[in-house]
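[1] quick one, structure for this:
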Amino acid sequence: MANKQDNPVLRLERFFPYRLSILSNKVSGIIADTYKDKFAISITEWRIMAVLGECPNISADEISAKTQIEKSILSRSVNKLLKRKLIERNMAQDDRRRSIIRLSATGKSVYEEIVPLSYQYERALLECFSKEEQSQFSHLIDRLYEHASALK
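    Okay, the predicted model is just below:
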């Protein structure tokens, strides 16, 4: 007779990586509906634009490192943003093999419209926590990120 230990069952509703992934998808999906409907921008495209809004004039490799977006997916999304003229790409002055990406004027305008919506959504999402809990939660996320990076 087989022991329960022989065939372990993964209880997804209690498995932290699964729960974190589902929560991330839910949180991203809700705000994405706002900018997808108005601007026809995907979650990945917005993440790229958000990084460029904070860190203009960086390479695709740097965007990939900051967003953890897989390079082939990043490349497709960058091409879509280029076609829509939301970003611009030029060769780096110091290394002609490397391209530098930045928001275009149109991209900056879209970015400036989405940022307040993002902050509004963040406030609504976090209102279930006290200010102290929000601070603790932020600290715990930072700590978990560092720990996960060390496990790699």
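[2] just for this protein, where's the confidence low?
    For the chain, the stretches with pLDDT under 70 are 1-5, 96.
[3] strands of that one, residue ranges please.
    For the chain, the strands defined by DSSP state E occupy 87-91, 99-103.
[4] possible to save those strands as CSV with distance to residue 133?
    Where you see a C-beta, it was placed from the backbone N, CA and C, and this is true even at glycine. Output for these, formatted as CSV (distance: least, C-beta to C-beta, whole Å):
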stretch, distance to residue 133
strand 87-91, 37
strand 99-103, 34
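[5] out of those, which gets nearest to residue 50?
    Nearest of the strands of the chain to residue 50, taken as C-beta to C-beta: strand 99-103 at 10.0 Å.
[6] OK, contacts around the residue most central in space within the chain?
    Nearest residue to the geometric centre of the chain (C-alpha atoms, centre = their mean): residue 47, 4.6 Å. Residues near residue 47 by C-beta atoms under 8 Å, 6 or more residues apart in numbering: 67, 69.
[7] hmm, back to that, tell me the most buried of the strands of the chain?
    Compared across the strands of the chain, strand 99-103 shows the largest average neighbour count, a mean of 19 (mean count of other C-beta atoms under 10 Å).
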